[in-house]
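> how does the following fold in three dimensions:
(2 chains, ligands or ions: 2)
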Amino acid sequence: MTTDIHMASAELGDTIIKIDELNKWYGQFHVLKDINLDVKRGERIVICGPSGSGKSTLIRCINRLETHQEGSIVVDGIELTEDTKHINEIRREVGMVFQHFNLFPHLTVLENCTLAPIWVRKAPKREAEETAMRYLERVKIPEQANKYPGQLSGGQQQRVAIARSLCMNPRVMLFDEPTSALDPEMIAEVLDVMVGLAEDGMTMLCVTHEMGFARKVANRVIFMDGGQIVEQNEPEEFFNNPQNDRTELFLSQILQH
Amino acid sequence: MSEVKIFVPAPDRSPPSNTLGPVAWLRENLFGSISSSIATLLFFYLCFSYLPPFVDWAFIKANWTGTDRSVCEANAAGACWTFINVRLEQILFGLYFASKPEELWRPTLIFVLFFALLLPLLFERTPGKKWLSIALLGVFPVVFYFVVYGGSFGIPQSNTTQWGGFLLTFALAFVGILLALPIGILLALGRRSEMPVIRSICVIYIEFWRGTPLITILFMASVMLPLFFPAGVEFDKVVRAMIGITMFQSAYTAEAVRGGLAAIPKGQAEAAMALGLGYWRRTVLITLPQALKISIPSIVNTFIALFKDTSLVSIIGLLDLLNMAQTAARSVEWKGYDIEGYLFAGFIYWAFCYGMSRYSQNLEHKLDTNRRN
Ligand SMILES: Nc1ncnc2c1ncn2[C@@H]1O[C@H](COP(=O)(O)OP(=O)(O)O)[C@@H](O)[C@H]1O
Ligand SMILES: [Mg+2]
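Ligands and ions are numbered 1, 2, ... in the order given. Here you go, the predicted model:
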């Protein structure tokens, strides 16, 4: 089933996320089945698959927005358990970007970005603001710093959400369909930021159906269906030469248009 | 290849003139349909037939001056505001302070202080609002205790059984609101807790107090509470009323806050969690500010209801604003001027409740960060 992946990129480091025999249920519903996944430092992984296949659940297990019942998840040497101290330690190192941005509407863009550094990392306010402005410049919206999220377009909001995560200086970034809620003309501006991040060597796990993005930046594409990892491969191989008929069908459906 | 056309936006035009101006406004808003026209005509008919006689009685022909009922009896076609004028101290401050002219400065100082702290807070541009709020919510109640209750600093202790009038209404409502808000917030959070024990305690508390009428609570606080304490322990009547009102009010505030919490999308707490914020930081910094903003109208609703419900303390023999006005109107000297008494008390209730309602609307508007400007 799973072919051994030839790691072309020599720059990949040691393992940062190790998922072993992960199983998760929602009540009686077996949502994740025997998931094994190792992510190396600097690796860019794209996860795709039909709706309801468990993609969001999988990446939400990594920062324990969802709890699992069997198997183990180790992030940067820390195993995810009930221990809230460990959970918060991991969450500090793992950034997450959501489909619906989830910016804090009662805070300005700048306050959105400085909140966690100030309250979690105990950074001085001045320093947190400087860092925030640096990342807002990086996502190309420093001029919106004092506006409220409600005053920005979807694409701008998602870029703020990325900057907000980056302000915590995370080692891993998780993206859960970051462009699915955006109008077509705004998708590119968000993808550009993500490509920039990838070029800087950020470890990224992206749930997305933007296949152009996958071809451009991914080291590995993972296809999920029914709570399982069906197939994973380098992008070229994955798209040109799928090994599984389920993958083939899915690709033909999304690449048709 | 054909030449590319250049897109030129069309200029804006003004709307057709028959949708503008006062006549168009009248037609659209007051006489838009047959039922709307009937309602408009009925409204104006009622205004013209009832308003002038009332204004005539209450203002134009009214008696304002004098010191006893003879003035009003001589001019019976007008309202007798003389009564209110003469009994103002009793109705506003209660019997204790009304009977001791040398102590009148105490309630007067308290209300002057209250408005001096409150009014600047209502204006958007006042500097140092934070300190003013702290003074109003933290320092003012302490000053109230020492000045109105007395008993230290050479200020004679007042007898709380003789507290009354608007001062009592104010004290009960202020304490009820001040204590019920934090207790209510904690109860609302507890009701949404993932810990079953905490959740159950909060649910039982809220449902118990919410299911019991305030009048029953006050009655129980007055009659039943002493039964649980040894005979010697004397519990102040006003304090008992305050405890009962706070318990009752916190259950209502909790439900109002819970409504706000339920309206916050799950993604807010998730985003905060993903950033590494723990439960209390998440709650205090992210969910609660948004939830309170949403629940301002319903919280203020419960405050307004409480403000008016304080008049139920008459069941335990306390004379609040309404009951004091009634008592004054039944005294030998002023028998028969109930209407003036009720109108005056009603006006004060209305002024305060309307003030609260307007302030909450302003606050809502000010906190609305979703508006695009
Ligand atoms: N909180 C939940 N309770 C019960 N079922 C859930 C919950 N969240 C997701 N599911 C179910 O789990 C499955 C996988 O969901 P999800 O991981 O969101 O899929 P995807 O992101 O691939 O579309 C879906 O069938 C969904 O209905
Ligand atoms: Mg999903």
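> quick one: the spatially most central residue of chain B and ligand 1, what's the gap?
Nearest to the geometric centre of chain B sits B:Ile304, at 3.7 Å (C-alpha atoms, centre = their mean). Separation of B:Ile304 from ligand 1 (C-beta to the nearest ligand atom, to the nearest Å) stands at 39 Å. Bear in mind the C-beta positions are built from the backbone N, C-alpha and C, glycine included.
> ok, B:Phe31 next?
To ligand 1, B:Phe31 is 54 Å away according to C-beta to the nearest ligand atom.
> how many residues are close by that residue?
A count of nearby residues for B:Phe31, using other C-beta atoms under 10 Å in any protein chain shown, gives 14.
> just give the number of residues close to the residue nearest to it when sequence neighbours are not counted.
Leaving out its chain neighbours, the residue that sits closest to B:Phe31 by C-beta to C-beta, 6 or more residues apart in numbering or on different chains is B:Ser37, at 4.6 Å. B:Ser37 has 12 neighbours, counted by other C-beta under 10 Å.
> hmm, who's touching stretch A:27-38?
Stretch A:27-38 is contacted from outside by A:15, A:17-25, A:54, A:57-58, A:61, A:68, A:71, A:222, A:226-229, using C-beta atoms under 8 Å, 6 or more residues apart in numbering or on different chains.
> any low-confidence regions in the stretch 1-150 of chain B?
B:1-2 (pLDDT under 70).
> that one: helices as residue ranges?
For the stretch 1-150 of chain B, the helices defined by DSSP state H, counting those that start in this stretch cover B:21-29, B:34-55, B:70-74, B:81-86, B:88-98, B:105-122, B:129-134, B:140-144.
> what comes up buried for the fourth one?
Right, the one you point to is helix B:81-86. B:81-84, B:86 (16 or more other C-beta atoms under 10 Å in any protein chain shown).
> which parts of the one helix or strand A:His30 maps to are buried?
A:His30 belongs to strand A:29-40 when assigned by DSSP states H and E. Residues of strand A:29-40 classed as buried by neighbour count (16+ other C-beta under 10 Å): A:31-33, A:35, A:37, A:39-40.
> grab the longest helix from the chain for me.
This is for chain A. Longest helix in chain A, counting residues (DSSP state H): helix A:184-199.
> please go with chain B instead
Ranked by residue count, the top helix of chain B under DSSP H comes out as helix B:338-367.
> what residue ranges in the stretch 251-373 of chain B are flagged as low confidence?
B:369-373.
> about what we covered before: switch the helices of the stretch 1-150 of chain B over to CSV; also include distance to ligand 1.
Below are the helices of the stretch 1-150 of chain B laid out as CSV (distance: least, C-beta to the nearest ligand atom, whole Å):
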stretch, distance to ligand 1
helix B:21-29, 49
helix B:34-55, 49
helix B:70-74, 72
helix B:81-86, 63
helix B:88-98, 58
helix B:105-122, 44
helix B:129-134, 40
helix B:140-144, 45
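> give me whichever of these is most buried.
The highest mean neighbour count among those, using mean count of other C-beta atoms under 10 Å in any protein chain shown, belongs to helix B:88-98: a mean of 22.
> residues of the helix or strand harbouring A:His86 that come out buried?
Remark: A:His86 resides in helix A:84-93, with elements defined by DSSP H and E. Using 16+ other C-beta under 10 Å as the test for burial, helix A:84-93 gives A:87-88, A:90-93.
> can you narrow those to ones near ligand 1?
For ligand 1, no contacts are drawn from the buried residues of helix A:84-93 by C-beta under 6 Å from any ligand atom.
> filter these down to the ones near chain B?
Among those, the residues within reach of chain B (C-beta under 8 Å from any C-beta of the partner chain) are A:88, A:91-92.
> ranges for the strands of the stretch 51-200 of chain A?
Applying DSSP state E, counting those that start in this stretch to the stretch 51-200 of chain A gives strands spanning A:70-75, A:78-79, A:94-97, A:172-176.
> hmm, the first one touching chain B?
No - Strand A:70-75 stays out of contact with chain B when judged by C-beta under 8 Å from any C-beta, the minimum separation being 12.7 Å.
> between helix A:84-93 and that strand, find me the angle.
Calculated by axes from the mean of the first three to the mean of the last three C-alpha atoms, to 10 degrees, strand A:70-75 forms an angle of 50 degrees with helix A:84-93.
> thinking again about what came up before, any chance of the helices of the stretch 1-150 of chain B in CSV, plus distance to A:Glu234?
Listed next are the helices of the stretch 1-150 of chain B as CSV, based on distance: least, C-beta to C-beta, whole Å:
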stretch, distance to A:Glu234
helix B:21-29, 67
helix B:34-55, 71
helix B:70-74, 99
helix B:81-86, 89
helix B:88-98, 84
helix B:105-122, 64
helix B:129-134, 58
helix B:140-144, 70
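> tell me which of these lies nearest to B:Leu312.
With distances scored as C-beta to C-beta, the stretch of the helices of the stretch 1-150 of chain B nearest to B:Leu312 is helix B:88-98 (17.0 Å).
> against A:Lys125, how distant is A:Glu137?
Counting by C-beta to C-beta, to the nearest Å, the gap from A:Glu137 to A:Lys125 is 19 Å.
> which one's more surrounded, those two?
Comparing A:Glu137 with A:Lys125 by other C-beta under 10 Å, the one with more neighbours is A:Glu137, at 13 against 10.
> excluding its backbone neighbours, what's nearest residue 190?
No chain specified, so I'll use chain A. In space, A:Val190 is closest to A:Gln158, 4.9 Å off (C-beta to C-beta, 6+ apart).
> was after chain B, sorry
B:Cys202 (3.6 Å).
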